[in-house]
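> Have a look; sequence and predicted model below, questions after that.
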Amino acid sequence: MELPAIIQDSREQDPLQFPVGVSVQVGTLGAGDYSLSGLEELCAVERKSLPDLVSCCTNSNRQRFRSELHRLQAYRCRAVVVEATFEDAVQGRYRSQLKPQCLIASVSSWQIRYSVPFVWATDTKHAATATLQILRQFFRQCQEFKAKLEV
């Protein structure tokens with residue numbers, strides 16, 4: 001069961017670095033930054049740095065991000081992978097006047113409202129690992145489901 005190519009959205013500015021041997025193709029995704037070839041309509045992973053996430057809480061970017069989360073709801077497999085720890089967010093380890101409790105409240109609200117999990121992945125390297133594991137597990141479950149249908 002070889003993983004199909006990871007599709008990286010063409011608008012991704014600083015792509016995640018996956019291990020050698022993992023195939024990555026650039027394409028245009030309807031939602032998220034990463035998906036799998038052939039499963040683009042079922043799986044989407046949005047990636048955010050902590051400054052990006054904080055920016056999504058501001059008036060100018062909040063509605064745009066909420067629209068992205070709304071689009072993610074249509075996907076069977078969906079997640080937001082954050083390149084920071086939850087502690088970084090709680091301690092306000094970012095450059096903004098936004099209070100940490102407002103950031104955490106927004107993330108909590110979005111998780112509930114849009115049924116989209118937020119994965120706190122420490123840093124860029126761990127974000128790549130988390131994204132790859134989400135995509136691998138989804139592909140594995142799709143293969144298991146397909147095998148059950150063929151019986």
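Happy to help now that I have it.

> which secondary structure elements does whichever strand or helix holds residue 145 contact?
Residue 145 belongs to helix 124-150 when assigned by DSSP states H and E. Judged by 3 or more Cβ pairs under 8 Å, 6 or more residues apart in numbering; DSSP states H and E, the packing partners of helix 124-150 are strand 34-36, strand 43-49, strand 77-83. To be clear about C-beta, it is placed using only N, CA and C from the backbone, and glycine gets the same treatment.

> what residues does the shortest one touch?
It refers to strand 34-36. For strand 34-36, the external contacting residues (Cβ atoms under 8 Å, 6 or more residues apart in numbering) are 3-9, 12, 16, 29, 43-45, 47, 131, 135, 138-139.

> Give me the buried entries from these.
Neighbour-count burial (16 or more other Cβ atoms under 10 Å) is assigned, among these, to 3-4, 6-9, 16, 29, 43-45, 47, 131, 135, 138-139.

> For residue 60, what are phi and psi?
phi -70, psi -30 (degrees, to the nearest 10).
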